[in-house]
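Trainee: Sequence first, predicted coordinates after that:
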Amino acid sequence: MGIPATCYALCEHYGVQMPWPIYWIIGSSAWLVYLLDHFVDAQTSKLSISRYNFIGQRKTLFYWLVGILVILNIFLVVQFFSWTLFLFGFLIGLMVFVHQRINTYFVRHSKQAIFKELFVSIIVALVFAYPILHNYYEFKGSLSPLFFLLLINMSNVWLFAHMEFEEDQKNGYPSLAVTLGKKRSKQMLGQYNFLILILLATQWNFWSHKYFLVCLVCMLLSLQLFLRYDVFFKKGDRYRFWGDFIYLYPLMAALIQKLSD
């Protein structure tokens, strides 16, 4: 729900109108990519991990869900067809494919990588950018919100890599945390979050939509809280729920903005 919620908030921020089914296409497609990533990891993991086991034990059910969603999304894309939507979906799909191929190569050759998190962050930021592309002929706003969402995406994905350090290390999966080392990675992530917070503070006098700016600060502070209490949030994979939940903050900010107006 986080990705379509943030897309809706950006539509409100930029004054863009999009057909409601496009939010479904964006959200369900993101879930399909997430599921594909877990399918791939489940096949190569050397450990017994609950989320992989859950999917592995219900393969048939998930295959049916994937098939139904793909057919439904194809129908909706045809119904609301635009070259912008088609080319955008093709680009995202191509990037996901390249990401998986590169990631698989690094796993097979036991190589380290420092670009994985950045690549994922860019893909998610591009998905957030679709409201702008949907109305790019009339777009006159600032790209600052998208830039900061990209930085926050990076912090979020890096946090996940930190939480999954032991899993990735034992499985030989490449990640920024594994490359840097757990202690150094945590220190650098905290410094990275502090730098983003300073950059956000410099924007206060330049943003007319203060609620959205405050929302981005809250997203960042939440991630820093998860990092600070990483032992607690790692139990039961709490970080996964709350790490995804922060993408509902922009929706809350958009609703508060509408109520205040």
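Mentor: Done, it's in.

Trainee: Could you list the low-pLDDT ranges of the stretch 51-200 of the chain?
Mentor: Residue ranges of the stretch 51-200 of the chain with pLDDT under 70: 51-53, 56, 106-114, 138.

Trainee: any chance you could map the helices in it?
Mentor: With DSSP state H, counting those that start in this stretch as the criterion, the stretch 51-200 of the chain has helices at 59-79, 83-108, 116-128, 130-134, 144-163, 165-171, 176-180, 182-201.

Trainee: Adding distance to residue 240 and mean neighbour count, write those helices out as CSV.
Mentor: Just so you know, the C-beta spots here come from the backbone N, C-alpha and C atoms, and that holds for glycine as well. Listed next are the helices of the stretch 51-200 of the chain as CSV, based on distance: least, CB to CB, whole Å; neighbours: other CB atoms under 10 Å:
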stretch, distance to residue 240, mean neighbour count
helix 59-79, 18, 13
helix 83-108, 19, 14
helix 116-128, 14, 20
helix 130-134, 24, 21
helix 144-163, 7, 22
helix 165-171, 12, 16
helix 176-180, 15, 21
helix 182-201, 17, 15
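
Trainee: Can you add distance to residue 214 and give those back as a markdown table?
Mentor: Shown next, in a markdown table, are those (distance: least, CB to CB, whole Å):
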| stretch | distance to residue 214 |
| --- | --- |
| helix 59-79 | 34 |
| helix 83-108 | 29 |
| helix 116-128 | 18 |
| helix 130-134 | 20 |
| helix 144-163 | 12 |
| helix 165-171 | 32 |
| helix 176-180 | 28 |
| helix 182-201 | 9 |
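
Trainee: For stretch 169-179, list the C-alpha coordinates in PDB.
Mentor: Coordinates of each C-alpha in stretch 169-179 appear next as PDB, following Å, rounded to 0.1, in the frame of the first residue of the first chain:
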ATOM      1  CA  GLN A 169      26.700 -12.900   4.800                       C
ATOM      2  CA  LYS A 170      25.900 -16.600   5.300                       C
ATOM      3  CA  ASN A 171      24.100 -16.800   1.900                       C
ATOM      4  CA  GLY A 172      26.800 -14.900   0.100                       C
ATOM      5  CA  TYR A 173      24.300 -12.200  -1.000                       C
ATOM      6  CA  PRO A 174      25.900  -8.900  -2.000                       C
ATOM      7  CA  SER A 175      24.800  -5.800   0.000                       C
ATOM      8  CA  LEU A 176      26.200  -2.500   1.100                       C
ATOM      9  CA  ALA A 177      26.100  -3.600   4.700                       C
ATOM     10  CA  VAL A 178      28.100  -6.800   4.000                       C
ATOM     11  CA  THR A 179      30.600  -4.800   1.900                       C
END
